[in-house]
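Participant: turn this into a model:
(one chain, ligands or ions: 1)
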Amino acid sequence: MCGIVGYIGKKQAAPILLDGLSKLEYRGYDSAGMAVFDGENIKIEKTPGRLKVLEETTHGGELMPGMIGIGHTRWATHGVPSTENAHPHFNASRSIAVVHNGIIENYIKLKEKMIKRGYKFVSDTDTEVLAHMLDYYYKGDPVEAIIKVMHRVEGSYALGIIFTDCPDDVFAVRKDSPLVIGKGEGENFIASDVPAILKYTRNVYYIQNEEIAKIGTDKIEFFNIDAEPIEKELHRVEWDMNAAEKGGYEFFMMKEMMEQPKVIRDTFTPHIKNNEIVFDELKDADIDFSKLTSLHIVACGSAYHAGFTGKYVIEKMARVPVYVDLASEFRYRNPILGEGDVVVLISQSGETADTKAAIGEAKAKGAKTIAIVNAKGSSMTREADYTIYTEAGPEISVATTKAYSAQLIILYMLAIKLAEEKGTLKEDEKKQLISDLLRLPEQVEMVLNNKERIQKFANRYIAAKDIFFIGRGIDYAIAIEGALKLKEISYIHAEAYAAGELKHGTISLIEENTLVNAVLTQEDLYDKTISNIREVKSRGAFVMAVTNLGHTKIEEVADYVVYIPETNKYFTNTLAIIPLQLFGYFVSAGKGYDVDHPRNLAKSVTVE
Ligand code: F6R
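Facilitator: Numbers count the residues shown, from 1 in each chain. Below you'll find the model as predicted:
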């Protein structure tokens, strides 16, 4: 969602802000703005549209001299994308400027109060109320004013603030929205996400909820909500800049798909020791897996789809019932949970508002929570009882690929661990599973090497209106992720159906030449899905099938076949999703779309 960058130092702030904001473009935005303080006045420039427009109107930042500044990319929530609604927002005398990520839930009430106090509003945003409140409560001490505002607002926020009265500091504060502070040499930074500042520093402080940072050129101070100074640990970011750069690929999504063999290896390596699956993160956990009678998995979007695969794998392998929920549903349906229950939350960003809220809901009911998260130090890693990291590195493309693949790997290993504890897995079966797991990276690479063939096929479907995805069991879980990959970046209507469900309604949508992508990786279900393929074919569909190498019988029914290397029945998703990711990518790129930044979407959904 919105991106924040702030700078204070000895260089010109505006070009650094523009550069930092460009690294946050992946988060999704529809307008951009900057405020730069030259020691006397705060100059503000903002505009709807791409960051390029802001770059042009400010001549790359040259027209905004000053060594202190805050910048913002906005993803509209309250009010349309427009100059007035873009951030920064400011008070009437322009002595205070604010950028905000999050939502102030009680802003209407607060706005009415401020209007009664004589304040005039020029935007429709919830953020503007913060600028006027800071003005109202500021009596010479910015930290005191910020705390007074914090006590009165409800909702989520990450804020960057400058005051003309404090020419030596930028202020930052957060609650339920991500924000990091970067510590440089004679310069310091704030940012919603590390890639924005990685070019300048690797040393970061992760500020926690309701902590305030006062950031000078050479000094950073932290306070709690009682204005008491607090100490914070400095962290070093280990991944390198290349991880956040395109590295020669046209889009991050392609780069990230190509990284999947490495990501899979990096994710399983810490958990395989002496041919055993180990989770050191759960070593001291107060959970007896051998007694577990059910498991809950909660997530959003693709992470939910990974969890859905997890259900099939865990239930088959460990014979434990698994309930998979969308976080946005789970949190409001008063889920039946209690002590002894375990809830697994899955998230790439670790900041998704609904998944985060689900942690609170599960914990409040006495359940133990295990977060499977990619972003180090993110909110969920602090809120869940236990965290297992996926090792996908920074994922920039809005459409997830490598983080999803890494989530599957953790789920496979959890399934093996659970099955072991439950006694549903023989020793030789376990050995075979681990050896199959170890082969996955090179098998994924083999599928990726076939990408040109998928591209040729995808080019034929650039003008398609509807595309269907079908499968049974794990293949259905693969189909729903395949459909999401296609629709979110190509804007083609795509639906996934459990293959047996088609004739209960959906089959009426099949017309001459409608593309149906069928997934068949589960041997015991081949014949069932083949019957469903025959049903759509006899209504005119064109069928692409993704199936296991050796299953040549499929060629009797499907029009186009993509084979994946042979693995065991539990891990087929990891291989079968690759052609579907590639298909979505090539349709989108073929249409000339900005694959990494699909319209209306944000990378990290920090509002519900
Ligand atoms: C789709 C996609 C989203 C995310 C979802 C959850 O390609 O990326 O559906 O999977 O928004 O995000 P995280 O994993 O950050 O909680």
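Participant: which secondary structure state is assigned to the closest residue to Glu233 other than its chain neighbours?
Facilitator: Setting aside the residues directly before and after it, Glu233 is nearest to Tyr205 in space (C-beta to C-beta, 6 or more residues apart in numbering), at 7.5 Å. Where C-beta positions appear, they are placed from N, C-alpha and C, glycine not excepted. Going by DSSP: H, G, I helix; E, B strand; the rest coil, the secondary structure assigned to Tyr205 is strand.
Participant: and the gap between Tyr205 and the ligand?
Facilitator: 22 Å (C-beta to the nearest ligand atom, to the nearest Å).
Participant: list the contacts for the residue in the chain positioned nearest to the ligand?
Facilitator: Scanning the chain for the residue nearest the ligand gives Gly301, at 1.9 Å (criterion: C-beta to the nearest ligand atom). By C-beta atoms under 8 Å, 6 or more residues apart in numbering, the contact set of Gly301 is Thr400, Leu484.
Participant: and what of Thr355?
Facilitator: Per C-beta under 8 Å, 6+ apart, neighbours of Thr355: Val298, Ala299, Cys300, Ala303, Ala327, Leu345, Ile346, Ser347, Met380.
Participant: farthest-separated two in those?
Facilitator: Maximum pairwise distance in those, criterion C-beta to C-beta, is 11.9 Å, between Cys300 and Met380.
Participant: got any residues that touch both of those two?
Facilitator: By C-beta under 8 Å, 6+ apart, Cys300 and Met380 have these common neighbours: Ser347, Thr352, Thr355.
Participant: of those residues, which is the nearest to Arg333?
Facilitator: Thr355 (14.8 Å).
Participant: pull up the gap between the closest residue to Ile454 other than its chain neighbours and Tyr29, please.
Facilitator: Nearest non-adjacent residue to Ile454, counting by C-beta to C-beta, 6+ apart: Leu582, 4.3 Å away. Relative to Tyr29, Leu582 is positioned 27 Å away (criterion: C-beta to C-beta, to the nearest Å).
Participant: and for Leu337?
Facilitator: From Leu337 to Tyr29 the distance is 37 Å (C-beta to C-beta).
Participant: same question, Ser123
Facilitator: In terms of C-beta to C-beta, Ser123 sits 16 Å off from Tyr29.
Participant: contact partners for the residue nearest to Gly377 when sequence neighbours are not counted?
Facilitator: Spatial nearest neighbour of Gly377, excluding adjacent residues (C-beta to C-beta, 6+ apart): Tyr206 at 4.4 Å. Going by C-beta under 8 Å, 6+ apart, Tyr206 touches Val180, Lys232, His235, Gly377.
Participant: which one in these is the model shakiest on?
Facilitator: Among the contacts of Tyr206, Gly377 has the lowest pLDDT, at 79.
Participant: tell me who's in contact with it.
Facilitator: Val180, Tyr206, His235.
Participant: quick check, nearest of these to Arg74?
Facilitator: Val180 (19.2 Å).
Participant: what is the neighbour count of the nearest residue to the closest one once chain neighbours are set aside?
Facilitator: Once flanking residues are discounted, Val180 sits nearest to Val204: 4.8 Å by C-beta to C-beta, 6+ apart. Other residues near Val204 come to 20 when the count uses other C-beta atoms under 10 Å.
Participant: again with Tyr312
Facilitator: So Tyr312, with other C-beta under 10 Å, has 22 neighbours.
Participant: am I right that it is in a strand?
Facilitator: No - counting by three-state DSSP, one finds Tyr312 to be helix, located in no strand.
Participant: which SS class is Ser22?
Facilitator: Classified using three-state DSSP, Ser22 is helix.
Participant: so it makes contact with Lys52?
Facilitator: No - under the criterion of C-beta atoms under 8 Å, Ser22 makes no contact with Lys52, lying 9.1 Å away.
Participant: compare these two and say which one has the larger neighbour count.
Facilitator: Ser22 (19 against 13).
Participant: in contact with the residue lying closest to the more buried one once chain neighbours are set aside, which residues?
Facilitator: Spatially, and ignoring its direct neighbours in sequence, Ser22 is nearest to Leu51 (5.9 Å; C-beta to C-beta, 6+ apart). Counting by C-beta under 8 Å, 6+ apart, Leu51 touches Leu18, Leu21, Ser22, Glu25, Tyr29, Ala32, Thr73.
Participant: surely the last one is in contact with Gly20?
Facilitator: By that I understand Thr73. No - the pair Thr73 / Gly20 is not scored as a contact, 9.9 Å apart, by C-beta under 8 Å.
Participant: spell out which parts of the stretch 301-450 of the chain neighbour the ligand.
Facilitator: Selection of the stretch 301-450 of the chain residues close to the ligand by C-beta under 6 Å from any ligand atom yields Gly301, Ser302, Ala303, Ser347, Gln348, Ser349, Thr352, Thr355, Ala399, Thr400.
Participant: from Pro65, how far off is Thr73?
Facilitator: Applying C-beta to C-beta to Thr73 and Pro65 gives a distance of 22 Å.
Participant: of these two, who's got more company?
Facilitator: The neighbour count for Thr73 versus Pro65, taken as other C-beta under 10 Å, is higher for Thr73 (29 against 14).
Participant: now the more buried one, what's its secondary structure?
Facilitator: strand.
Participant: now for Leu414, how many residues are close by?
Facilitator: Neighbour count for Leu414, taken as other C-beta under 10 Å: 26.
Participant: just the element for it, please.
Facilitator: Using DSSP states H and E, Leu414 sits in helix 402-422.
Participant: following that helix, which helix or strand comes up?
Facilitator: helix 427-448.
Participant: now do the buried residues in the helix or strand that comes right after that next one.
Facilitator: Next in sequence after helix 427-448, counting helices and strands by DSSP H and E, comes helix 451-459. In terms of neighbour count (16 or more other C-beta atoms under 10 Å), helix 451-459 has its buried residues at Lys451, Ile454, Gln455, Phe457, Ala458.
Participant: also stretch 280-290?
Facilitator: So for stretch 280-290, counting by 16+ other C-beta under 10 Å, buried means Leu282, Ile287, Phe289.
Participant: and Thr355, its phi and psi?
Facilitator: When read as degrees, to the nearest 10, the backbone of Thr355 gives phi -70, psi -40.
Participant: repeat for Gly61
Facilitator: Gly61 adopts backbone torsions of phi 100, psi -10, taken as degrees, to the nearest 10.
Participant: quick check: closest non-adjacent residue to it.
Facilitator: Ala14 (2.9 Å).
Participant: and Thr309, by the same measure?
Facilitator: Ala477 (4.2 Å).
Participant: quick check: that neighbour is in a strand.
Facilitator: No - assessed with three-state DSSP, Ala477 is helix; it does not lie in a strand.
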